[in-house]
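Visitor: Structure for this input, please:
(chains A, B, C, D, E, F, G and H)
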Number of protein chains: 8
Amino acid sequence: MIQDVQSLFEAVQRGELPAEAAFARLSGLPVRDLGHTRLDVEREARCGVPEIVFAAGKTPQQTVEIARALLDEHGRFLATRVPDATAAALVDAFPALDWHERARCALLDRRRRRVERGRVLVLGAGTSDEPVADEAAITARFVGARTELLRDVGVAGLHRLLAHQDDLRASDALVVVAGMEGALPSVVAGLVDVPVVAVPTSVGYGASFGGLAALLAMLNSCAAGVTVVNIDNGFGAGFAAARIAARTGGRAE
Amino acid sequence: MIQDVQSLFEAVQRGELPAEAAFARLSGLPVRDLGHTRLDVEREARCGVPEIVFAAGKTPQQTVEIARALLDEHGRFLATRVPDATAAALVDAFPALDWHERARCALLDRRRRRVERGRVLVLGAGTSDEPVADEAAITARFVGARTELLRDVGVAGLHRLLAHQDDLRASDALVVVAGMEGALPSVVAGLVDVPVVAVPTSVGYGASFGGLAALLAMLNSCAAGVTVVNIDNGFGAGFAAARIAARTGGRAE
Amino acid sequence: MIQDVQSLFEAVQRGELPAEAAFARLSGLPVRDLGHTRLDVEREARCGVPEIVFAAGKTPQQTVEIARALLDEHGRFLATRVPDATAAALVDAFPALDWHERARCALLDRRRRRVERGRVLVLGAGTSDEPVADEAAITARFVGARTELLRDVGVAGLHRLLAHQDDLRASDALVVVAGMEGALPSVVAGLVDVPVVAVPTSVGYGASFGGLAALLAMLNSCAAGVTVVNIDNGFGAGFAAARIAARTGGRAE
Amino acid sequence: MIQDVQSLFEAVQRGELPAEAAFARLSGLPVRDLGHTRLDVEREARCGVPEIVFAAGKTPQQTVEIARALLDEHGRFLATRVPDATAAALVDAFPALDWHERARCALLDRRRRRVERGRVLVLGAGTSDEPVADEAAITARFVGARTELLRDVGVAGLHRLLAHQDDLRASDALVVVAGMEGALPSVVAGLVDVPVVAVPTSVGYGASFGGLAALLAMLNSCAAGVTVVNIDNGFGAGFAAARIAARTGGRAE
Amino acid sequence: MIQDVQSLFEAVQRGELPAEAAFARLSGLPVRDLGHTRLDVEREARCGVPEIVFAAGKTPQQTVEIARALLDEHGRFLATRVPDATAAALVDAFPALDWHERARCALLDRRRRRVERGRVLVLGAGTSDEPVADEAAITARFVGARTELLRDVGVAGLHRLLAHQDDLRASDALVVVAGMEGALPSVVAGLVDVPVVAVPTSVGYGASFGGLAALLAMLNSCAAGVTVVNIDNGFGAGFAAARIAARTGGRAE
Amino acid sequence: MIQDVQSLFEAVQRGELPAEAAFARLSGLPVRDLGHTRLDVEREARCGVPEIVFAAGKTPQQTVEIARALLDEHGRFLATRVPDATAAALVDAFPALDWHERARCALLDRRRRRVERGRVLVLGAGTSDEPVADEAAITARFVGARTELLRDVGVAGLHRLLAHQDDLRASDALVVVAGMEGALPSVVAGLVDVPVVAVPTSVGYGASFGGLAALLAMLNSCAAGVTVVNIDNGFGAGFAAARIAARTGGRAE
Amino acid sequence: MIQDVQSLFEAVQRGELPAEAAFARLSGLPVRDLGHTRLDVEREARCGVPEIVFAAGKTPQQTVEIARALLDEHGRFLATRVPDATAAALVDAFPALDWHERARCALLDRRRRRVERGRVLVLGAGTSDEPVADEAAITARFVGARTELLRDVGVAGLHRLLAHQDDLRASDALVVVAGMEGALPSVVAGLVDVPVVAVPTSVGYGASFGGLAALLAMLNSCAAGVTVVNIDNGFGAGFAAARIAARTGGRAE
Amino acid sequence: MIQDVQSLFEAVQRGELPAEAAFARLSGLPVRDLGHTRLDVEREARCGVPEIVFAAGKTPQQTVEIARALLDEHGRFLATRVPDATAAALVDAFPALDWHERARCALLDRRRRRVERGRVLVLGAGTSDEPVADEAAITARFVGARTELLRDVGVAGLHRLLAHQDDLRASDALVVVAGMEGALPSVVAGLVDVPVVAVPTSVGYGASFGGLAALLAMLNSCAAGVTVVNIDNGFGAGFAAARIAARTGGRAE
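Guide: Below is the predicted model of the structure:
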């Protein structure tokens, strides 16, 4: 946001822009107003990736309109937490839509050229954690990381995990998805020195309290280097991991 | 309790005891009234071990009187959660007292002959968990199990644990004490088929919420065979483990 | 797991196995990969019982495939928390399926010879607790204990419980299932010296908070010897009780 | 309050009181203003007992002044949760003070003639619960019930309780004080048909969460007829029980 | 329970009963076993009222069977928390059934002669609290109190309450039902000296947390004499109030 | 309420009203009894606005009857949290009904002349928060403020907010609606010196715990001048903001 | 903040300021850096009142330095939550300091001319709530409202409150401070149409949970027009109330 | 750990190591046993940094012994959460100790040559958050990142933050420390595309619940790219940030 201010000052100084117009642009320009939603169309420039649509509380029509605007501006969009009715509306509007039912993610990417920066590996503790792991992987890929997914590598059978240690070490960031007692991130962070983003899931019996048990366990991990995102927040973990991986400068085209 | 009723009926039938006396004995006898406390002096016969004194909310004088009564009846006593003032009073009253400061346990055993039944192994995840692990070991020994203690075998360095796998398998019950994310019981229960009693401790940073994180993690363990006791409840875990071990019939004199 | 390492070292030393193959086997062998799920096929050898399927978060197709693989490897399987659609799919796939609707458990056992080790008694406090009590009993039986179930013996009418004290004393482990105020395990543990595994259930009015009240009550039991599993976790309690009972060596064929 | 309004209307109608004075009296009269505190001096007439002083948040000087005003108006006072400094100040001010250190209660009663209405029995589960049980008994007596106290009758040894069943049945209201798992009120309410006021205490290990476990257990009691007051609120329980007992009309002088 | 023991001892002493039969009767007699449920058929003698059926977790068939058994033994039954399917089954089985849909209560009373003991007044704070208030009134009536119901007398318009002060004072026990901030019991208890049983309801916006806000408010009432039951527990409040009212000896035929 | 008492006293003094009638009027008059509901018909005089109907726990028929009574007394009504069935019933009863489906609000205003007092601006952080923001705006308008609504001005793109700073400063009270981390009110209160009423919404992922995260964040706002209402309580916020705005005396006809 | 941007653009356009200097000023000017603390010295211009110091986590030396800087810039300061050591240091540094021990507030005001805008009335429910009520009153006065304090007007004796109804109606904003069940704000908001800011306090027995009970009660108030601040946050309530009162335009010099 | 296994297999194959010795080394070697603590001396090789000592639950003597062993093995150590007595003992043992009192950190680094990898910037929201921010910075430096600290840049004065945007963008990882409503990480993550590790602190008024409010706010951040560590866990955040920065390959000697 600041860079705009600085260059706007310079444009005013150069006489290219009246003060009033500069101020108007500062407050008004980067927004594209859809009535219900104000798109932050310069976020890609500022933060490296366009807005991603959280579809859960929106009507199908609203999500379709936002998706269309994003496609116009950026040539691609990703919607998460997509309800069934919204998915149907998106498929109608964009026949080429890439729809991941289990992960509740819909995306479309019309860009000609894509660059991958860094490698992310997503680990899922159990079969029941897969929707969240999928959401993480889809998001990390959309944000720009080369992303792989390793399923069903829970704590109860550690040797399943040990068999993949090379993949772990070759990654720039790990997303570790686990429900129940949430011990997997601690074990993974004890094995390698790659940053670990832990995602608690709401999978579990009664006193998991909708994922609270796993969340607290991960926050209290005795293994240093673990950071945590919200319960079932595959999106946030994938985004953070891709952002971490992108810093490595490693380009993986 | 029931066996008393049955034998009392028979005594009444045999004319050895008037109905009124039988009823009086049922309600009154097994209690020894100290004014402030009513000792359940037949608990050893009924449950295999005399009452163990929870000293935290009692005055030093009360605890000394209870200890003396237990010594009279059973030849031994164990007090847990002993405050400093009470410890001093007990040492005054019983110069031969066995006082474990870190574990806050005081005990005295004047029995000539002791029988150990079954083997208990207590595992402590970290140095900070040791007071609780000690309480568990002292209790298990008092209840009657041959008991060993293995310190500082946390999840972050699993090979420390693997080095002791024979000891684990040779036990009849395991007590696993851990704070923070409480993952150790899950890992242990995945390695061996010995019953695991998990004890969460209040060791940890902010969102451990006084041990709640570890408690929930243990209740949600993905490894079957784990049961849990209250936070910092080394006493309860040692008692339960010794009771489990005693069932094996294995006598370890 | 360790024993494999040791024997693998010896095989390498004897020249029977190249180092590379030994390492590959260590990491790769015991897993049977179904795509979505990696079966830990050596768990029976290691822990005494094959993996039990938690069907709640899996698709019907996934559960059927896992069940078939387990049947191949071990001659039997047990699935818990089975949704209706999955139950239907299992019945289609295995016409001989043993389906317990109320307990949401499906099992099949094609083994010719079974050995029972130890006795487990499951006590249910009220009619509403029965699905959980059933799950505990089915699991304990599957793990290998001779198992009985005693229904509706709540605290409000203690004499119902007293009538069965011989059954209690003859058991190697007790599972006590109770909702509401969760007082039954304390009362049972005060009567006998058999290990008690307490299961809180989510049965109750408002401030039971989905079983939290019973869970906390059981964790705070003033009667020593009680250990606790997660809310509604009949599976975990049955498993732990059977593991305890199996240690007694008592074979009950 | 209403009766005043009605009689004030009548006084105005009879010309004994101008409208303005009637309204002034309605709003202003029954308060005695001490600067920091406004005493509700007609509460005894309205509710049967004068204000009882909660001394915890007040300065010693404030409590002494309130006590003196109550003594003036009603010939007696009771202060609960009295800090040490306040107790010393009260003893200085009222040498005849009746000071109960463990229960933190101070009282003085200069009335010549007292009438007791109804019988209250207070039961304490353990030695550690006694300060709360004492507060309940002192309060019930102050409010006007003949009150007895029965100590250390916890669930773990039920026969201690059974020995006193006649006392239970002879009471008009029972106060049952218990910490830890809070099971005692359920058991008592299952034995007799006397109203039971349950008081959870903050006595217990970690997951008692300062008495929350006992509170929830009592609220979820499966035995009908149990009502509950706040944690450690011996005052509230004694007050409610005395109010219940007073309804019986049974005068116990 | 105790009285039976005493008279059984006497019967054995008189030779009227062999010891074995006495013991068998003690443990076995008062239970009527329906397979799924063990009815405590002597509870009416012991506690003054037969078992009341909590129908929520039972199958329609189970509830019908229990109801029939209660009708046999006691000439009446009351079922609370009745699901729709169970209500239909009860209507089929007992065409004369008294079915209160909003309160989810079903009852039938074939006794010729009924005695009412004491007066209970149930106050409901708002229209939305009525199902709970109804349950309280139905239960109090079933237990034996003359019971009235006063609707929609919330705190926001205190004069609605003041208009009924005579009814309040004429009662032996008050049940006060309120959701949201739960202030009504405090206000009522400040007006009269009748025992108040407070029932928090789950009525409210977000941070009412299913009635927790009202529950905590009632437990913390600054007005002495208030006791509390579980959230939405109209049954418990009605039962307790009727038990309190019954102590007054006031017979209201 | 008091003013009535004072004038009633005067009427009695003037002999215009017998004491009995005065008292009857005090307790009885302002209530209009619909059987299920007692309308506080003088609330408009006392508090400036008629009762607003919380329709969530009422039957359609009850809400229609209350609405009709309010229309009779005050010429208008507003119902919030209107279920579908109730909305249909209201449309049937009042064809001119103003029905806002997303906000679940129904209102009708037949008054000829309306006066607006003060300006309220409602800010919604995201598209998903709009139902709550709408409820706030509708309520503020009904209570009497000139009300505008600004959508989708969340923290993630602060410049969207900055563009509207003049509107913020021109308001007499701001309602700020936000879910997730609830940071928007802090940012707004840091920009202007207009009173801010913050409304947390239940929009969010797992550990938002139904809006608890946003509620706590708002209560802990480091920006002074923020006050908070219940989760999703657009009604309460709109009401409070309109009441604040009305104090400015600024009439906006 | 924005107004600066706009005028900065204009200065650049007029050639009075180079672009670089404009940008530097935007980011750098309004801060006065004390090393440990960066004072926002333009907040008075922007928000109407200088920064108020939260002294709880600061060293005495830090607070003294901040106070001195504020005195330099604005001629006055207010510090809240002042620890004893900091109070002593402030008295040393500023002999004319106005120190309120019970409220933990220290202030100094060297301005010659003060203008009061609007009237705030602070109501305290009990003697124990006074420190919080004092903090609210001191803050409201500092922010600029004419402020009065009314003590000990709790719910239990409503007539104490009724006697002051004229004061309530004459205020522009009310702060209502209450602990325990937190019912007072609901009652006050039902009597008058003045905005009510409710402050829950941590005063109370066990299940008040440090003020949570009162907080939840106030958030769930059935009386519209109530908004809430954090537990014990007299500062926040006083600030918000003064801000509300200031909008009325009523100048009270 | 695995790499050891693989090279051990190869050594056995080459006949350089008997199978038994290989297995012994696998389980036993990397541990250095201090009696109370088992040091994982190969962690530096495996995870890039030696064990860091959590001193809170250890005796001074234990911490000194661990520190000495680490100094032997790695030439440096860092202890966090150091109590006063332990600090004194460390100063005695290591006169050159680097002791940070406010951050409770003690460290010593005798290595000749150090390499810094990557840049970490730690932002503290307020003066009260500084101990946690210091702990984060000290840890990040110890782990190997070039680390700067920016103090007192809270949300309430956003321009303080904007002045440092170049520093933000030049970093490889940001640690953002904030208490109260915890909004700062959301704002920071909205400005730049650098990974943000958020640390909630326990700074705040009542309903911050020891940092829970800030923790939940951060977990629910609407700005993607934020990950969270435990409350007050400066250590964990500094460690994770340094690990992220180290991946960039940027060497900053």
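Visitor: Show me where the stretch 51-200 of chain A has its helices.
Guide: A:60-74, A:84-93, A:130-143, A:158-162, A:165-169, A:184-191 (DSSP state H, counting those that start in this stretch).
Visitor: in the stretch 1-150 of chain A, what residue is nearest chain F?
Guide: Minimum separation of the stretch 1-150 of chain A from chain F (Cβ to the nearest Cβ) falls at A:Gly57, amounting to 2.6 Å. (Glycine included, C-beta is placed from N, CA and C.)
Visitor: can you tell me which residues contact that residue?
Guide: F:Gly126, F:Thr127, F:Ser128, F:Asp129, F:Val203 (Cβ atoms under 8 Å, 6 or more residues apart in numbering or on different chains).
Visitor: from chain A, which residue is nearest to chain D?
Guide: Nearest to chain D in chain A, going by Cβ to the nearest Cβ, is A:Ala207, at a distance of 11.0 Å.
Visitor: Could you export the helices of the stretch 51-200 of chain A to TSV, including columns for mean neighbour count and mean pLDDT?
Guide: Output for the helices of the stretch 51-200 of chain A, formatted as TSV (neighbours: other Cβ atoms under 10 Å in any protein chain shown; pLDDT from 0 to 100):
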stretch	mean neighbour count	mean pLDDT
helix A:60-74	19	93
helix A:84-93	16	97
helix A:130-143	27	96
helix A:158-162	20	66
helix A:165-169	15	85
helix A:184-191	27	85
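Visitor: Who are the packing partners of the helix or strand hosting A:Phe239?
Guide: According to DSSP states H and E, A:Phe239 maps onto helix A:234-246. Applying 3 or more Cβ pairs under 8 Å, 6 or more residues apart in numbering or on different chains; DSSP states H and E, one finds that helix A:234-246 contacts strand A:119-124, helix A:130-143, strand A:173-178, strand A:196-200, strand H:226-228.
Visitor: and it, what's its mean pLDDT?
Guide: The pLDDT scores in helix A:234-246 average 95.
Visitor: Any buried residues in it, and which?
Guide: Neighbour counts over helix A:234-246 (16 or more other Cβ atoms under 10 Å in any protein chain shown) mark A:234-246 as buried.
Visitor: what sits against A:Ile138?
Guide: When contacts are counted by Cβ under 8 Å, 6+ apart, A:Ile138 touches A:Leu78, A:His100, A:Ala103, A:Cys105, A:Leu107, A:Gly238.
Visitor: quick revisit: scan the contacts of A:Gly57 and report the most crowded one.
Guide: Ranked by the number of neighbours (other Cβ atoms under 10 Å in any protein chain shown), the contacts of A:Gly57 place F:Asp129 first, at 29 neighbours.
Visitor: Could you pick out the residues of the stretch 101-250 of chain A near chain F for me?
Guide: Within the stretch 101-250 of chain A, the positions near chain F by Cβ under 8 Å from any Cβ of the partner chain are A:Pro200, A:Ser202, A:Gly210, A:Gly211, A:Leu212, A:Leu215, A:Asn230, A:Ile231, A:Asp232, A:Asn233, A:Gly236.
Visitor: Could you list which of the residues you listed belong to strands?
Guide: Within those, residues falling in strands by DSSP state E are A:Pro200.
Visitor: Highest neighbour count among the residues of the stretch 101-250 of chain A next to chain F?
Guide: Result: A:Pro200 is most packed of these (other Cβ under 10 Å), 36 neighbours.
Visitor: picking that back up, what about the residue of chain A closest to chain D, which SS state?
Guide: When classified by DSSP: H, G, I helix; E, B strand; the rest coil, A:Ala207 comes out as helix.
Visitor: Would you quantify the distance from it to F:Leu212?
Guide: From A:Ala207 over to F:Leu212 the distance is 18 Å, taken as Cβ to Cβ, to the nearest Å.
Visitor: A:Asp172 now?
Guide: 35 Å.
Visitor: Same check on A:Arg119?
Guide: From A:Arg119 across to F:Leu212, the span is 37 Å (Cβ to Cβ).
Visitor: Then A:Leu184?
Guide: On the measure of Cβ to Cβ, A:Leu184 and F:Leu212 end up 27 Å apart.
Visitor: Same question for A:Ala67.
Guide: From A:Ala67 to F:Leu212 the distance is 31 Å (Cβ to Cβ).
Visitor: pLDDT-wise, which helix or strand of chain A ranks last?
Guide: Sorting the helices and strands of chain A by mean pLDDT, DSSP states H and E puts strand A:31-33 at the bottom, at a mean of 57.
Visitor: and A:His164, what is it in contact with?
Guide: By Cβ under 8 Å, 6+ apart, the residues touching A:His164 are A:Leu150, A:Val153.
Visitor: pLDDT at it, what is it?
Guide: According to the model, A:His164 scores 79 on pLDDT.
Visitor: measure it to C:Ala19 for me?
Guide: Distance, A:His164 to C:Ala19, by Cβ to Cβ: 20 Å.
Visitor: swap in A:Glu51?
Guide: 53 Å.
Visitor: more neighbours, the two?
Guide: A:Glu51 (22 against 19).
Visitor: Show the model's pLDDT score for that one.
Guide: 85.
Visitor: right, and it touches A:Leu70 too?
Guide: Yes - using Cβ atoms under 8 Å, A:Glu51 is in contact with A:Leu70, at 6.7 Å.
Visitor: List the contacts of A:Val192.
Guide: A:Gln165, A:Leu168, A:Arg169, A:Leu174, H:Cys47.
Visitor: just checking: which of the residues you listed also lie near chain D?
Guide: Among these, no residue is within reach of chain D (Cβ under 8 Å from any Cβ).
Visitor: how near is whichever residue of the stretch 1-150 of chain A sits closest to chain E to chain G?
Guide: When scored by Cβ to the nearest Cβ, the stretch 1-150 of chain A has A:Gly57 as its residue closest to chain E, at 15.3 Å. Applying Cβ to the nearest Cβ, to the nearest Å, the value for A:Gly57 to chain G is 22 Å.
Visitor: and that residue, how far is that from H:Gly179?
Guide: 29 Å.
Visitor: cool, A:Val49 as well?
Guide: A:Val49 is 30 Å from H:Gly179, where distance means Cβ to Cβ.
Visitor: neighbour-wise, which of the two wins?
Guide: H:Gly179 (29 against 22).
Visitor: so what's the closest residue to the more buried one other than its chain neighbours up against?
Guide: Excluding the flanking residues, the one nearest H:Gly179 by Cβ to Cβ, 6 or more residues apart in numbering or on different chains is H:Val203, at 3.0 Å. Going by Cβ under 8 Å, 6+ apart, H:Val203 touches G:Gly57, H:Gly126, H:Ser128, H:Asp129, H:Gly179, H:Met180, H:Gly211.
Visitor: and which of those is nearest chain B?
Guide: H:Gly211 (5.2 Å).
Visitor: so that closest one sits right up against H:Val199, yeah?
Guide: No - H:Gly211 is not in contact with H:Val199 according to Cβ under 8 Å; the separation is 9.5 Å.
Visitor: Find residues that contact each of those two.
Guide: H:Ile231, H:Asp232.
Visitor: do you know how far the residue nearest to A:Pro60 when sequence neighbours are not counted is from A:Thr63?
Guide: The shortest distance from A:Pro60 to any non-neighbouring residue, by Cβ to Cβ, 6+ apart, is to A:Ala89 (3.7 Å). Distance, A:Ala89 to A:Thr63, using Cβ to Cβ: 7 Å.
Visitor: In space, what's closest to A:Leu168 - neighbours in sequence excluded?
Guide: Of all residues not flanking A:Leu168 in the chain, A:Val192 sits nearest, at 4.9 Å (Cβ to Cβ, 6+ apart).
Visitor: swap in A:Phe9?
Guide: Per Cβ to Cβ, 6+ apart, closest to A:Phe9 is G:Ala19, 3.9 Å.
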